[in-house]
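# Pasted the sequence and its predicted model underneath.
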Amino acid sequence: MESKPTPETIKTSQRVLTCPDQDQSFGKDPTKRRDSDNFVQEYVPGFVDKWDELIDWKRRAESEGDFFIQALKDRGCRKILDVACGTGFHSVRLRQAGFEVVSVDGSASMLAKAFNNGRKHGFILRTSLVDWRWLSRDIHDKFDAVICLGNSFTHLFKEHDRRKALAEFYAALRHDGILILDQRNYDGILDEGYSSQHKYYYCGGDVVAEPEHVDEGLARFRYAFPDGSEYFLNMFPLRKDYTVRLMHEVGFQQITTYADFQDDDKVDDPDFFIHVAEKDYSENPDRFVPNKREVSRADGI
Ligand SMILES: C[S@@+](CC[C@H](N)C(=O)[O-])C[C@H]1O[C@@H](n2cnc3c(N)ncnc32)[C@H](O)[C@@H]1O
């Protein structure tokens, strides 16, 4: 039987985050919890134990195929920093494909699970407990690619935190490295309402993953499991153009966005977007022209 991590106190460079051992707690009004530190309390051991049931490694691997492996190989990447390794799905897949991988996450429970999953697959993952906002304090190496996958960036609620995290990712890259960062299609959810066929990412067939509350500053999702347990995540609903603009502003040059692993313009109402952002200097990067709504909204954050 796997041992569960005990509740513990995690010191980041600036603050102390406590990881509870029992239930999630969002207070009296869960919709008021809009904080970049929340994730530590959200990924309680019970939820982390269920995470692999939610994502279903086998079906997720089938649904995304070799997309990330190919994207990394095409750009000559060998050394990868997985900054939101979660339970280790992509770290293990990349190790299996022969990449050198360092796996980090800000949740001790997730990291412990990733390490155990790595061992089950015959790997000792090089894990490190790191908050993206202080990544360079603990990770001093340079990488060909930083991957931030599984809709993880959505956990940052303040624009200041998003900029800092992106700047840390940028700094961890070699001069011609790439960042691969994905996100849910929140534009679709905010503008048209939620619809998902669970084909990608959250592939567990018997698990319900649906929004309980959505507004411009919060997407609160409920994850219900066959044994009756349910967990929640409070996330910031990133609009696609806004994410791209932030990446440009911290210095990324060419940014290519894919929708559900295909060219962006080929998919109607995708579930997820994947951005591949290049650090290498470009004489003429695609100029980003934000639409009106995106500008006014981002300025208010
Ligand atoms: C939705 S999970 C995705 C996990 C994994 N990438 C996957 O696809 O299954 C988001 C992950 O991001 C991590 N995370 C969120 N905010 C973070 C932060 N500020 N620093 C480090 N990790 C963070 C969480 O602990 C969690 O493991």
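Thanks, I have it.
# what's the burial count for residue 248?
18 (other C-beta atoms under 10 Å). Every C-beta, even on glycine, is put in place using the N, C-alpha and C of the backbone.
# That one is in contact with residue 257, isn't it?
No - applying C-beta atoms under 8 Å, one finds residue 248 not in contact with residue 257, separated by 12.0 Å.
# what's next to the helix or strand where residue 191 lies, contact-wise?
For residue 191, the host element (DSSP states H and E) is helix 186-192. Residues from elsewhere that reach helix 186-192 (C-beta atoms under 8 Å, 6 or more residues apart in numbering): 154, 194-195, 211, 214, 216, 219, 237-240, 269-270.
# Give me the mean pLDDT for it.
Averaging pLDDT along helix 186-192 yields 93.
# With stretch 224-240 instead?
Summarised as a single mean, pLDDT over stretch 224-240 is 95.
# mind checking how far it is from the chain centre?
Centroid separation for stretch 224-240 versus its chain: 14 Å, with C-alpha atoms, centre = their mean, to the nearest Å.
# For the protein, what lies in contact range of the ligand?
39, 43, 55, 84, 86, 89, 105-107, 110, 131-133, 149-152, 155 (C-beta under 6 Å from any ligand atom).
# among those residues, which are in strands?
Mapping the residues of the chain next to the ligand onto strands (DSSP state E) picks out residue 105.
# which residues touch the longest strand along the chain?
Longest strand in the chain by number of residues (criterion: DSSP E): strand 173-184. Strand 173-184 is contacted by residues 68, 71-72, 75, 77, 142-151, 153-154, 166, 169-170, 219, 235, 237-238, 240, 243, 247, 252, 271-280 when judged by C-beta under 8 Å, 6+ apart.
# so of those residues, which ones are in strands?
Counted as lying in strands by DSSP E, out of the contacts of strand 173-184, are 143-148, 219, 235, 272-278.
# In the helix holding residue 191, which of the residues would be classed as buried?
Applying a neighbour-count criterion of 16 or more other C-beta atoms under 10 Å, one finds 186, 187, 188, 189, 190 buried in helix 186-192.
# do stretch 233-242 as well
Neighbour counts over stretch 233-242 (16+ other C-beta under 10 Å) mark 233, 234, 235, 236, 237, 238, 239, 240, 241, 242 as buried.
# now stretch 115-125
When neighbours are counted by 16+ other C-beta under 10 Å, the buried residues of stretch 115-125 are found to be 115, 117, 118, 123, 125.
# ok but the first one is inside a helix, no?
Read that as residue 115. Yes - checked against DSSP: H, G, I helix; E, B strand; the rest coil, residue 115 lies within a helix.
# pLDDT score for it?
Looking at residue 115, its pLDDT stands at 98.
# Could you do the fourth one as well?
As summarised for this prediction, residue 123 has a pLDDT of 98.
# Next: residue 297.
42.
# hmm, back to that, can you say which of the contacts of strand 173-184 are buried?
68, 71-72, 75, 77, 143-151, 153-154, 166, 169-170, 219, 235, 237-238, 240, 243, 247, 252, 271-279.
# residue in the stretch 1-150 of the chain nearest to the ligand?
The nearest approach of the stretch 1-150 of the chain to the ligand comes at residue 150, 1.9 Å away (C-beta to the nearest ligand atom).
# Now that that residue has come up, it's in contact with residue 84, right?
Yes - applying C-beta under 8 Å as the test, residue 150 and residue 84 come out as touching, 6.2 Å apart.
# Report the residue spans of the stretch 201-301 of the chain with pLDDT below the cut-off.
Low-confidence segments of the stretch 201-301 of the chain (pLDDT under 70): 201-204, 286-301.
# What ranges does it have for its helices?
Along the stretch 201-301 of the chain, counting by DSSP state H, counting those that start in this stretch, helices occupy 240-249, 292-300.
# okay, the angle between the longest one and strand 173-184?
Calculated by axes from the mean of the first three to the mean of the last three C-alpha atoms, to 10 degrees, helix 240-249 forms an angle of 170 degrees with strand 173-184.
# and residue 64, how many residues sit next to it?
Other residues lying near residue 64 total 22 when counted by other C-beta under 10 Å.
# for residue 205, same thing?
Using other C-beta under 10 Å, residue 205 has 9 other residues around it.
# Repeat that for residue 67.
For residue 67, using other C-beta under 10 Å, the count is 15.
# now residue 227
9.
# Equivalent analysis for residue 38, please.
Using other C-beta under 10 Å, residue 38 has 18 other residues around it.
# my read: it touches residue 234, true?
Yes - between residue 38 and residue 234 a contact is recorded at 5.8 Å, counting by C-beta under 8 Å.
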